[in-house]
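J.: how does the following fold in three dimensions:
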Amino acid sequence: MTLRKPLAISLVAATAIATLVVARTFAQTTQNSSFSTGNVIFLHPDGTSPSHWGAARFLNYGPDGKLNWDRMSHLAVYLGHMKNQLTGTSNAGAVTHATGVKVNADSYGLDEIEKPVTALSGKPQTIMQEAIAQGIPTAIINSGIISEPGTGAFLAKVKSRQEHAEITKQIIESGVDIILGGGEVWYLPKGKTGRHAKSGKRKDGVNLIALAKRKGYTVVYTREELLKLPTNTKKVLGIFAAEDTYNDEPEEDLKKQRLPLYVKSAPTAAEMLQTTLRVLSNRSKPFFIVQEEEGTDNFSNVNNAKGCLEAMKRADDAIGVALKFIEQNPNTMLLTTADSDASGLEVIGVQVSDMSPNKPLPPREKNGAPLDGRDGTGTLPFVSAPDARGQRFPFAIAWTGFSDNAGAIVAKAHGMNAARMQHTIDNTEIYRLMYRSLFTKNLPSNSP
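T.: The predicted structure follows:
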């Protein structure tokens, strides 16, 4: 008997479909541009391509279901090349989002001669630093250590992304109102025990948690403490893990160590955003939030499909929180994009006769690509949620490698000024879209 060849959702095909199916049916309710200024929520599910989103859709809602990501009204193909290479890096991509300027792949806010990048606005500030200077309430949220560049690059400028101690210090000193994430080891000096960390890693002897308290921050360490915060809390520092709030190792290693995918006491991305919205929307000014779900990237980079799909669901739940907020607060822009494609995830969904929900997957495809099932390599396949006819389908996750790729990225927008997101956009345009909504100023495009 001749077996059918696996049907893969290719990155190219996914991008083409995403480009053609621009969801204009939501335009009447979500593209309201009559507001002079408004709130901006920038959600960065790191490393996510349409194939990542497709896998999350199959698993959680079925082939005919819809993610919250699917409900966003406008989209564009995202061009994410750097100044000196095609594939984006997390740090340089974040710098571009924060400044509207292309930089070299190793940049964390500094240019080639180690001077602060001058933003598209003409100022040596990121968009969040400019917002803070103008008294706009601000927040950064990360499921990883707080120095992760997806959030950190909006507030810090250093020579190397490995300077976690200095990045964390600059964040605490920045004046941002809400800081939520992991990385307690970078807040505490060596030898100092914390709520999560056995010992800090700072070599300068500075206790940033004590400094934050002197600056007026209320410090919380768990989901329970975060959710109990009074709405009138002025400044919040949430530290939810010694390092990341997830354990980004292969499935087999986590099983041996009996470690969960995510730290159980830590809040989810959706819970962190919900609390942030509750606190910031209590103020009289528009606000600016930058949030990153880093698990989508880190789990992919160790080829942990189970962890990746859990992180994807968490990112999508956070998008759902933002969409619900926009229903009541239409003067809010929601933007979401990645800056690279983490490890080239593809969905393999062959005919049911060729892949059984009760039969372990082979460890590799015929071309050598690793295959993951629900508990790692060589385990049972994932099974989709039911389609419109009630049928479920087994599927596997294939990986092209362990690194970030240029890949296919789709950026999306919803709410105020969302109609400005369409067709194909350069990574520098993310800054311009946020700037227009925060400061009511149309900056000249930096894109060819």
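
J.: where does this structure have low pLDDT?
T.: Applying pLDDT under 70 to the chain flags residues 1-36, 351-353.

J.: top helix in it by residue count?
T.: The longest helix of the chain (DSSP state H) is helix 305-328.

J.: quick check: next helix or strand after that helix?
T.: The helix or strand immediately downstream of helix 305-328 is strand 332-336, counting by DSSP states H and E.

J.: got the contact list for the helix or strand harbouring Leu371?
T.: Taking DSSP H and E as the criterion, Leu371 maps to strand 371-373. Under the contact criterion C-beta atoms under 8 Å, 6 or more residues apart in numbering, strand 371-373 has outside partners 251, 303-306, 348, 360-365, 377, 379-382, 396-399. No exception for glycine: its C-beta is placed from N, CA and C like everyone else's.

J.: if I look at Lys264, how far off is Phe240?
T.: Lys264 is 11 Å from Phe240, where distance means C-beta to C-beta, to the nearest Å.

J.: quick one, which of the two is more surrounded?
T.: Comparing Lys264 with Phe240 by neighbour count (other C-beta atoms under 10 Å), the higher total belongs to Phe240, at 28 against 9.

J.: quick one, what contacts the more buried one?
T.: Contact analysis of Phe240 by C-beta under 8 Å, 6+ apart lists Leu180, Gly181, Gly182, His196, Tyr221, Thr222, Arg223, Leu226, Val263, Ser265, Ala266, Pro267.

J.: relative to Met82, how far out is it?
T.: Phe240 sits 31 Å away from Met82, going by C-beta to C-beta.

J.: repeat for Ala210
T.: Here the criterion is C-beta to C-beta. By it, Ala210 lies 38 Å from Met82.

J.: comparing the two, which residue is more hemmed in?
T.: Higher neighbour count among Ala210 and Met82: Met82, with 23 against 13, using other C-beta under 10 Å.

J.: in the stretch 251-400 of the chain, which spans are strands?
T.: Remark: strands assigned in the stretch 251-400 of the chain by DSSP state E, counting those that start in this stretch are 288-293, 332-336, 341-342, 346-348, 371-373, 376-377, 382-383, 394-398.

J.: most tightly packed of those?
T.: Of the strands of the stretch 251-400 of the chain, the one with the most neighbours on average (mean count of other C-beta atoms under 10 Å) is strand 288-293, at a mean of 28.

J.: ok, that strand: who's next to it in the sheet?
T.: Sheet pairing for strand 288-293, assigned by DSSP bridges, gives strand 39-45 (parallel), strand 138-145 (parallel).

J.: what lies in contact with the helix or strand following the first one?
T.: Following strand 39-45 in sequence order, the next helix or strand is helix 50-61 (DSSP H and E). Helix 50-61 is contacted by residues 9-11, 14-15, 17-18, 63, 65-67, 69-70, 296, 300, 305, 308-309, 312-313, 316, 341-342, 345-347, 349, 382, 384-385, 393, 395, 397, 408, 410 when judged by C-beta under 8 Å, 6+ apart.

J.: now find how far off-centre helix 50-61 is within its chain.
T.: In terms of C-alpha atoms, centre = their mean, to the nearest Å, the centre of helix 50-61 is set 16 Å apart from its chain centre.

J.: let me know the angle separating that helix from strand 39-45.
T.: If you take axes from the mean of the first three to the mean of the last three C-alpha atoms, to 10 degrees, helix 50-61 sits at 90 degrees to strand 39-45.

J.: quick check: angle from helix 50-61 to strand 394-398?
T.: 150 degrees.

J.: quick one: buried residues of the helix or strand that comes right after helix 50-61?
T.: Using DSSP H and E, the helix or strand that follows helix 50-61 towards the C-terminus is helix 68-71. Applying a neighbour-count criterion of 16 or more other C-beta atoms under 10 Å, one finds Asn68, Trp69, Asp70, Arg71 buried in helix 68-71.

J.: right, and the first one touches Asp316 too?
T.: Yes: judged on C-beta atoms under 8 Å, Asn68 makes contact with Asp316 at a distance of 5.0 Å.

J.: what are the pairing partners of the strand holding Leu371, and which direction each?
T.: Counting by DSSP bridges, strand 371-373 is paired with strand 376-377 (antiparallel), strand 394-398 (antiparallel).

J.: okay, stretch 189-204 in PDB with CA atoms only?
T.: What follows is stretch 189-204 as a C-alpha-only set of coordinates in PDB (Å, rounded to 0.1, in the frame of the first residue of the first chain):
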ATOM      1  CA  PRO A 189      22.900  41.000  45.300                       C
ATOM      2  CA  LYS A 190      24.900  37.800  45.500                       C
ATOM      3  CA  GLY A 191      24.100  35.900  48.700                       C
ATOM      4  CA  LYS A 192      20.800  37.600  49.300                       C
ATOM      5  CA  THR A 193      17.900  35.200  49.400                       C
ATOM      6  CA  GLY A 194      14.600  36.200  47.900                       C
ATOM      7  CA  ARG A 195      11.000  34.900  47.700                       C
ATOM      8  CA  HIS A 196      11.900  32.700  44.700                       C
ATOM      9  CA  ALA A 197      15.700  33.000  44.400                       C
ATOM     10  CA  LYS A 198      18.100  31.100  46.600                       C
ATOM     11  CA  SER A 199      20.700  33.800  45.900                       C
ATOM     12  CA  GLY A 200      20.800  36.900  43.900                       C
ATOM     13  CA  LYS A 201      23.300  37.400  41.000                       C
ATOM     14  CA  ARG A 202      24.100  41.100  41.200                       C
ATOM     15  CA  LYS A 203      27.800  41.900  41.700                       C
ATOM     16  CA  ASP A 204      27.300  45.600  42.600                       C
END
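
J.: start the count at 847 instead of 1 going forward.
T.: Got it, the first residue is 847 from now on, which makes the last one we talked about stretch 1035-1050.

J.: circling back: so among the contacts of strand 1217-1219, which ones count as buried?
T.: By 16+ other C-beta under 10 Å, these give 1097, 1149-1152, 1194, 1207, 1211, 1223, 1225-1228, 1242-1245 as buried.

J.: any idea how far Gly1153 lies from Lys1205?
T.: According to C-beta to C-beta, Gly1153 and Lys1205 sit 23 Å apart.

J.: which of those two has more neighbours?
T.: Counted by other C-beta under 10 Å, Gly1153 and Lys1205 do not tie: Gly1153 has more neighbours, with 26 against 12.
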